[in-house]
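> sequence unavailable; structure follows:
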């Protein structure tokens, strides 16, 4: 069966089909009320993420299925030192599909290759979180009626923001996308994302530190949190943070059909005064998250097809030095690498450059 | 839709109707087996309370619905600093009704005013716990056949006992109630409860420190725990505690139809030797707790009607100084107050006097 | 109603019937899809054990029932000092059957004697774990087609291995069983198991420290983990451990139909290279664990019959000194003892010799 580890696992056609299914579910929920009757979803959350877990659980329940699992590692066999692969093989005896969150990068790929049921990556460390990106795409489609010909601004922490990198990557497969990158210098989009994604697909983009100035031109504004610990000093943080907090004054000259997104949870990066503005889409985005997960569960349960290929080579003297990689804590995992176009080897689990 | 934050949200007629529904459910469970089919209850327990959580979950399952949620804050987005209001709006996308437990007073009101689905207060700090009081009322009705003309004794910690204050308040709306307050001096019922509730509604009451002496006159004996930390000294605690432990000898002269209640869990304030006495009702009380919650869930899911009004005014220079109030930890909450009859301002969230 | 505290609670005929039901469930799952419709399983895990908990939950869900409970004590009323008996009586109001895991020996017996619904012991400290043993028996039956005339090797920690003692005990009730005990001196099978079980039932057994040498003669090889802390020194551990790690070379001369079992989770005592060998049965064993629990739940829900007898006497001056016994932490539990054939008194809860 198939799994979803990262967005590129699906073709644009497949993603469009998922979105179409999700829209149909929103319009005719009754027709799907027993679509997964007697099927079981296992939510394996090795680190807590209530929002994502509840979204998956609500999705499965609305399809008439049931749910089992755990919400934190201290309640799991991992505490006894069981490998992710063994957990995945074991849970394959208990459930029909797995949604897994794990602090280590590449953990979902390891689980998918060991499991005999589909695995959905619900977040593997700072690596991927594909269902958030699918959620963002569905929301944009519901709000705009299209996924092409959009000017999309990303604001906040563009350096470490996993969801930002993933959505930019996903949008780069559509026509007529323009990107505006809004952040302080400290948190600019990394060069490799610019080169490997934006420039490679010929997406025009601009960079600015001025949120207020950028807003009027945007169709979509994707807000993210700026974490204090990212800054050199507390002074620096305090000096900058307010200019990246979205409030009503900053929206004065925004388009009337601007669509404001946020992966949530938000702390204070969007003023609550904005919540009741019709352009605030981030709570409708939560609802979209449930429906796209319903569509995804239904798709994966319905499909045969191959497991994600764990196709890499072990290279003499090469190992992954990423301390967040699943290989860093699971000794029996073979160190495997993939040679990229530009000749560098990347770990197949966390995609970090090896050396 | 409506929510239940505290008992006064419901009229006596509504409470009597709830009790009637619960009794019908006890007598004809099959007729309600699919009453909430395809409905979802979210149990949001920001602090653990197994008994209350399982009671709600069992209630929803017996109505044919399903359940999702969390049982401790460390597994929730709250750990990431999300506001109660945001959590409530988010969960409104995942479920049809919320049962929420939170350590801060007023948290349930905040959730109810933000959610787009009904919210049941399953305990907000030391403030309210209305489903416990509804449980107590149903149990009394089942055991006695009436809620009026009863002599009710409350024993133990009457000063801090939230369930005691709430039940006294609820009973004060019925005819022919007499109250006997049994406690050590340190733990007497607060004056404001006597004045605002007992005296206001003209309920005759007496105070005593002598449990054994009071028992023979009672129709209902409501026991609560005496916590050591409430006392000036350990000596004081040890000197007093035994006289407030209910055992068989103390029941020697009790009425044959005395009804002994306890909100549970009990530690040692009722000897296990009493458990098999037919007058011990506290385990039947647990069963009543499930049925009254079934009736409550069904009522709130079936009703339209307005959200609880958050009607208060912000008063120049006035803020709530209660460290347990939800406003103490959520900065963006407006400080709102309500002027009471005697001219004092009370925080609308925790009902503490402002100054 | 009946409960399952330990294997001897069931006759051989009952166990064979359970196995027959489990096999029928594996062959005709659809016929059992609603066998427990509207029934509720409470999983009360006072200590985490994901594998066991999920196995019970999956079992109940496949029978069309539903599940509620907790996965760790810190989320339970136990944190408030509630007794196991009170929890069991309370949960009897919420569910139809209980699966309980508790760190204290004898806790399940206490729960079963207080509950008004069946209780399944899902592990009480180092004392019993009967559903693991039933799982092992079903797996052997599925793999071998019989439970008699088998040569069974047990490897690893035979001194502290609860599952080993229990399975030896269970097998001792069948014909033609031969046992091979494979362990380092430090971890040999205790004498009382040899005397009370093997010798008493006339089971021929041999002891060896040589795993590789023993394998060729075996029909069943039951592997367990060797924990470093069991050894006098780290050196001793390192010197020995490899000789008890099962890898492909050690299987060179094994029978072609050898059946390799492991209760899981495994750390490194079986090389992952063995996983794909058809003789590796430990993941099929996981699946058997789900089906035998389905059969057990169905049996206990269907049966009337007496509670487990708590028949012991309180003996002047005798108390249980086992620090892991449930009586060590629950003061109100009566200290009760049973006189065994050889005249010693054993605690009825943890079965430890009293003195």
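Done, it's in. These numbers come from a predicted model, not from an experiment. Numbers count the residues shown, from 1 in each chain, chains lettered A, B, ... in the order given.

> phi, psi of the residue nearest to residue A:16 when sequence neighbours are not counted?
Once flanking residues are discounted, residue A:16 sits nearest to residue A:147: 7.9 Å by Cβ to Cβ, 6 or more residues apart in numbering or on different chains. The C-beta positions use only the backbone N, C-alpha and C, and glycine is treated the same way. Phi and psi for residue A:147, reported as degrees, to the nearest 10, are phi -120, psi 10.

> quick one: neighbours of residue A:147, just the number.
Applying other Cβ atoms under 10 Å in any protein chain shown, we find 21 other residues in the vicinity of residue A:147.

> ok and the residue in the stretch 101-250 of chain A nearest chain B?
residue A:225 (9.2 Å; Cβ to the nearest Cβ).

> tell me the SS of that residue?
Following DSSP: H, G, I helix; E, B strand; the rest coil, the label given to residue A:225 is coil.

> phi, psi of the closest residue to it other than its chain neighbours?
Once flanking residues are discounted, residue A:225 sits nearest to residue A:269: 5.1 Å by Cβ to Cβ, 6+ apart. Here is the backbone geometry of residue A:269 (degrees, to the nearest 10): phi -70, psi -10.

> quick check: residue A:73 touching residue A:49?
No: here residue A:73 does not reach residue A:49: they are 11.9 Å apart, not a contact under Cβ atoms under 8 Å.

> which of those two has more neighbours?
Higher neighbour count among residue A:73 and residue A:49: residue A:49, with 24 against 19, using other Cβ under 10 Å.

> ok, the closest residue to residue A:335 other than its chain neighbours - contacts?
Of all residues beyond its chain neighbours, the one nearest residue A:335 is residue A:319 (4.8 Å), with distances taken as Cβ to Cβ, 6+ apart. Counting by Cβ atoms under 8 Å, 6 or more residues apart in numbering or on different chains, residue A:319 makes contact with A:327, A:335, A:354.

> does chain B have contacts with the helix or strand bottoming out on mean pLDDT in chain A?
Counting by mean pLDDT, DSSP states H and E, the weakest-scoring helix or strand in chain A turns out to be helix A:234-241, with a mean of 83. No: Helix A:234-241 lies apart from chain B when judged by Cβ under 8 Å from any Cβ of the partner chain; the minimum separation is 14.4 Å.

> which positions within whatever helix or strand comes next after that helix qualify as buried?
Remark: after helix A:234-241, the chain's next helix or strand is strand A:259-261, criterion DSSP states H and E. Residues of strand A:259-261 classed as buried by neighbour count (16 or more other Cβ atoms under 10 Å in any protein chain shown): A:259, A:260, A:261.

> please name the bridge partners of the nearest residue to the last one once chain neighbours are set aside.
Of all residues beyond its chain neighbours, the one nearest residue A:261 is residue A:222 (4.8 Å), with distances taken as Cβ to Cβ, 6+ apart. Residue A:222 has the following beta-bridge partners by DSSP bridges: residue A:154, residue A:261.

> so residue A:222 touches residue A:167, yeah?
Yes: at 6.7 Å, residue A:222 and residue A:167 qualify as touching, with contact defined as Cβ under 8 Å.

> overlap in contacts of those two?
A:136, A:154.

> neighbours of residue A:253, how many?
11.

> ugh, wrong one, I meant residue A:199
Residue A:199 has 13 neighbours, counted by other Cβ under 10 Å.

> try residue A:64
16.

> how about it, what does it touch?
By Cβ under 8 Å, 6+ apart, the contact list for residue A:64 reads A:32, A:33, A:34, A:35, A:36, A:37.

> hang on, the earlier thing: surely the residue nearest to residue A:225 touches residue A:156?
Yes: at 6.4 Å, residue A:269 and residue A:156 qualify as touching, with contact defined as Cβ under 8 Å.

> before we move on, the earlier item: helices and strands around the least confident helix or strand of chain A, which ones?
The criterion is 3 or more Cβ pairs under 8 Å, 6 or more residues apart in numbering or on different chains; DSSP states H and E, and there are no helices or strands that helix A:234-241 contacts.

> would you mind listing the buried residues in that helix?
Here helix A:234-241 shows A:237, A:240, A:241 as buried, counting by 16+ other Cβ under 10 Å.

> for those, which one is nearest chain C?
Using Cβ to the nearest Cβ, these come closest to chain C at residue A:237, 34.7 Å.

> run a quick neighbour tally on the spatially closest residue to the closest one that is not a sequence neighbour.
The shortest distance from residue A:237 to any non-neighbouring residue, by Cβ to Cβ, 6+ apart, is to residue A:231 (4.1 Å). A total of 18 residues lie near residue A:231 under the criterion other Cβ under 10 Å.

> who's in contact with residue A:231?
Residue A:231 makes contact with A:186, A:237, A:240, according to Cβ under 8 Å, 6+ apart.

> how much space separates it from residue C:208?
64 Å (Cβ to Cβ, to the nearest Å).

> ok, now residue A:111?
Taking Cβ to Cβ, one finds residue A:111 at 38 Å from residue C:208.

> more neighbours, the two?
Neighbour count, other Cβ under 10 Å: between residue A:111 and residue C:208, residue A:111 has more, with 28 against 13.

> and what about the more buried one, helix, strand or coil?
Applying three-state DSSP: residue A:111 is helix.

> nearest residue to it in space, please, no chain neighbours.
residue A:88 (3.9 Å).

> and residue A:150, by the same measure?
residue A:219 (4.7 Å).

> show me the contacts for that neighbour.
Applying Cβ under 8 Å, 6+ apart, the residues contacting residue A:219 are A:144, A:150, A:151, A:152, A:255, A:257, A:258, A:259.

> select only the buried ones of those residues in PyMOL?
Buried residues within the contacts of residue A:219, by 16+ other Cβ under 10 Å, are selected in PyMOL with:
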select buried, chain A and resi 144+150+151+152+255+258+259
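
> residue A:137 in helix, strand or coil?
Relying on three-state DSSP, one would call residue A:137 helix.

> how's chain A carved up into domains?
Using automatic domain parsing, the domains assigned to chain A come out as A:7-129+A:289-301, A:145-286, A:312-355.

> hey, least reliable of those by pLDDT?
With a mean of 89, domain A:312-355 has the lowest mean pLDDT of those.
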